[in-house]
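Trainee: below: sequence and its predicted model.
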Amino acid sequence: MKMALSYSVQGFILLLTASLLVVSEANTIVVGGSEGWRFGFNYTDWALQNSPFYINDTLVFKYVPPSDTSFAPSVYLLPDLWSYTTCDFRRAKLLANATQGSGEGFKIVLKQWRPYYFASSGHNGFHCSAGLMKFFAVPLPRGN
């Protein structure tokens with residue numbers, strides 16, 4: 001009886017694991033939609049309106065390169081909620097510089113179930129500290 005229960009538990013765990021690993025169609029989402037990644041647009045609101053995001057979804061950051069009259073944004077992945085809240089880029093990872101968002105844009109796949117904190121450090125951090133060019137996503141496992 002003990003061995004049968006052990007096999008049942010193992011079978012249940014295997015089934016649960018397999019159901020979480022089911023790969024279904026991932027989405028490609030342009031950050032900001034038709035607005036792209038630019039100063040003056042509220043990405044926190046955009047993320048709330050376009051969630052939930054799922055594991056293996058791809059976010060695409062599209063933006064125009066810098067010019068004489070504009071500051072181009074960048075894309076950083078901030079390490080934690082404190083860095084995100086305070087716009088502290090000291091431990092942030094640069095994902096895309098000011099020129100990498102043109103054309104097809106910069107793409108990042110949400111590979112794990114964890115918070116992803118995105119922000120732009122453009123104009124010496126003002127893009128982030130103004131509260132506009134930052135958002136976070138917590139991708140969920142995709143069900144059937």
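Mentor: Nice, I can see it.
Trainee: His33 touches Ala47, doesn't it?
Mentor: To be clear, residue 33 is Gly; His isn't right here. No: the pair Gly33 and Ala47 does not pass the contact test of Cβ atoms under 8 Å, sitting 11.3 Å apart. In this view, the C-beta of every residue, glycine as well, is placed from N, C-alpha and C.
Trainee: the more surrounded of these two?
Mentor: Ala47 (20 against 12; other Cβ atoms under 10 Å).
Trainee: surely the more buried one is in contact with Lys134?
Mentor: No: between Ala47 and Lys134 there is no contact under Cβ under 8 Å: 9.5 Å.
Trainee: what about the strands in this protein?
Mentor: 28-30, 58-61, 75-78, 93-96, 106-109, 116-119, 134-137 (DSSP state E).
Trainee: how about the ones you listed, which one is nearest Phe41?
Mentor: strand 134-137 (10.3 Å; Cβ to Cβ).
Trainee: returning to that earlier point: identify whichever of the strands of the chain lies nearest to Asp68.
Mentor: Closest among the strands of the chain, using Cβ to Cβ: strand 93-96, at 21.3 Å.
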